[in-house]
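No sequence on hand, only this structure:
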């Protein structure tokens, strides 16, 4: 019996997957088990940026172990087509005021361009009835940047 391996994507293919997406999963090192959580992200062509509320387990795990695995995927409902990329690296929290403002505006623009529900604001520390622009004008969340990527696995269906 022959085992069929899933083909790898080249850099242009997985960059395209990341560019088109907006939802990822981040796996943090937990005390006993990994902790996985979904995050919105934006991609500037080089780095992924995530908004993280300033509360919750993810913040403690980030401070203890900033080394993470990040996964971005796309698939059809019947799984006839799928692609995914995983990246291992570490997160750093942005501190520069200008850089944070630029990235926050990228999140506003992404949410608008993808026509995401206002309800997504609740996952970012805001009330759903607030304007999307409040993400850029208020700092109710941290901004994390994935850097130091040491391993990328990017696969696609046949």
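All right, it came through fine. All values derive from a computational prediction rather than experimental measurement.

C-alpha only now, for contacts and for neighbours.
Will do.

which parts of the helix or strand of the chain with the lowest mean pLDDT are buried?
Scoring the helices and strands of the chain by mean pLDDT, DSSP states H and E places helix 134-137 at the bottom, with a mean of 91. Buried residues in helix 134-137, counted by 16 or more other C-alpha atoms under 10 Å: 134, 135, 136.

Quick one: the residues you listed as JSON lines, columns for distance to residue 119 too.
Formatted as JSON lines, those follow (distance: C-alpha to C-alpha, whole Å):
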{"residue": "134", "distance to residue 119": "13"}
{"residue": "135", "distance to residue 119": "13"}
{"residue": "136", "distance to residue 119": "16"}
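
Of these, which is the nearest to residue 29?
Distance to residue 29, by C-alpha to C-alpha, is smallest for residue 135 among the buried residues of helix 134-137, at 27.9 Å.

So the closest one sits against residue 104, correct?
Yes. Between residue 135 and residue 104 there is a contact under C-alpha atoms under 8 Å: 6.2 Å.

Run through this protein and note the low-pLDDT ranges.
158 (pLDDT under 70).

Neighbours of the closest residue to residue 120 other than its chain neighbours, how many?
What sits nearest to residue 120 in space, not counting adjacent residues and going by C-alpha to C-alpha, 6 or more residues apart in numbering, is residue 128, at 7.0 Å. With neighbours defined by other C-alpha atoms under 10 Å, the count for residue 128 comes to 15.

Shouldn't residue 128 be within a helix?
No. Judged by DSSP: H, G, I helix; E, B strand; the rest coil, residue 128 forms no part of a helix; its state is coil.

who's in contact with it?
118, 119, 120, 121, 122 (C-alpha atoms under 8 Å, 6 or more residues apart in numbering).

now with 10 Å?
117, 118, 119, 120, 121, 122 (C-alpha atoms under 10 Å, 6 or more residues apart in numbering).
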